[in-house]
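K.L.:
Fold the stuff below for me.
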Amino acid sequence: MALSMDFEDPFPGIGNIFIYFSQYYRWCKLNNKKPIVYTHRPEKIVGLKDGLFEFTSIKPENLITPVCSLHSLFNISMPGYMNRIIDVPNIDFPDDIVAGFCFRFGDPKFDEGFQFMNDKCVNTMMNEMKKYNRVFVCSNKNSFIKDLKKQFGEEKIYSLNDEQEDSRFNPKHIEQWFALSRCPIVYHFIKTYNSDSNEITSTFAPTAAVYGGGEVIGVDNNGDMFHGQTYHW
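P.N.:
Now for the predicted structure:
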């Protein structure tokens, strides 16, 4: 049974890739199977250790369709298997940072009309930032990081954004993900409960929080916060 990664654009992001491959690697180990991945776009699959998976562009007879769910992410075995497969980058990370904030905005180039955080969500997260002396911040919108640094100061806002072109696949994104995993508390946007809009929750931040063993706090587009038993996607 091979894992099917036969996606066109938008190709799954880093968080989804880590969930898919951790689940599949676990299944292969439990069933004594060789991890084989079917894809025509291996260059899009980033952040994994070399040699764990065999990639093929020839479609196998039996395929596993990847599934991304809150239950699978918070499975007790997930952090262990993520540690086995993720190629951890070497980064310098300040010791005085307690909280990380992931600001995920909608991007018509990549998101096919899906909606992410609005101004209410942004304002709630920015108010939470005031609680901490220094925070780590990442975003898919580099101009927003620049604005935060102007508003809060360079000393308070620590970021690894390259501040160049906004892009979906970039070596810096792996470093941002791992830095977020180093934060004891991780804030991010979540889909508003019972919303009729085309909102979707990014898995970038929650996978980082689970990998690092941090507390994950979701903020919806009503500006409400959810954590612990109330956390949802």
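K.L.:
Give me the buried positions along stretch 46-57.
P.N.:
Neighbour counts over stretch 46-57 (16 or more other Cβ atoms under 10 Å) mark 46, 47, 48, 53, 55 as buried. Any C-beta I mention is one placed from the backbone N, CA and C, and that applies to glycine too.
K.L.:
Let me know how buried residue 34 is, in neighbour terms.
P.N.:
Residue 34 has 9 neighbours, counted by other Cβ atoms under 10 Å.
K.L.:
Let me know whether it touches residue 54 as I believe.
P.N.:
Yes. Applying Cβ atoms under 8 Å as the test, residue 34 and residue 54 come out as touching, 6.6 Å apart.
K.L.:
and the residue positioned nearest the centre of the chain, what pLDDT?
P.N.:
What sits nearest the mean C-alpha location of the chain, by Cα atoms, centre = their mean, is residue 204, with 0.8 Å. Turning to residue 204, the model gives it a pLDDT of 94.
K.L.:
That one reaches residue 12, doesn't it?
P.N.:
No. Using Cβ under 8 Å, residue 204 makes no contact with residue 12, being 11.0 Å away.
K.L.:
about what we covered before: which of the helices or strands spans the nearest residue to the residue nearest to the centre of the chain once chain neighbours are set aside?
P.N.:
Of all residues not flanking residue 204 in the chain, residue 15 sits nearest, at 4.4 Å (Cβ to Cβ, 6 or more residues apart in numbering). Taking DSSP states H and E as the definition, residue 15 sits inside helix 14-30.
K.L.:
Which strands and helices lie in contact with that helix?
P.N.:
Applying 3 or more Cβ pairs under 8 Å, 6 or more residues apart in numbering; DSSP states H and E, we find helix 14-30 packed against strand 2-4, helix 70-73, helix 78-85, helix 171-181, helix 204-212.
K.L.:
buried set for it?
P.N.:
Buried residues in helix 14-30 (16+ other Cβ under 10 Å): 14-26, 28.
K.L.:
So the residue nearest to the centre of the chain versus residue 84, what's the distance?
P.N.:
Going from residue 204 to residue 84 by Cβ to Cβ, to the nearest Å gives 20 Å.
K.L.:
Can you pull the phi/psi pair for the residue lying closest to residue 105 once chain neighbours are set aside?
P.N.:
Nearest residue to residue 105 in three dimensions, chain neighbours excluded: residue 141, at 4.8 Å (Cβ to Cβ, 6+ apart). When read as degrees, to the nearest 10, the backbone of residue 141 gives phi -120, psi 100.
K.L.:
Residue 141 is in contact with residue 102, isn't it?
P.N.:
No. Applying Cβ under 8 Å, one finds residue 141 not in contact with residue 102, separated by 11.3 Å.
K.L.:
If you count surrounding residues, which of the two has more?
P.N.:
Legend: neighbour count by other Cβ under 10 Å for residue 141 and residue 102, higher for residue 102 (25 against 15).
K.L.:
which ones are touching that one?
P.N.:
Residues counted as contacts of residue 102 (Cβ atoms under 8 Å, 6 or more residues apart in numbering) are 137, 138, 139, 180, 186, 187, 188, 189, 202, 204, 205, 208.
K.L.:
wait, what's in contact with the closest residue to residue 26 other than its chain neighbours?
P.N.:
Excluding the flanking residues, the one nearest residue 26 by Cβ to Cβ, 6+ apart is residue 81, at 4.8 Å. Residue 81 makes contacts with 22, 23, 25, 26, as judged by Cβ under 8 Å, 6+ apart.
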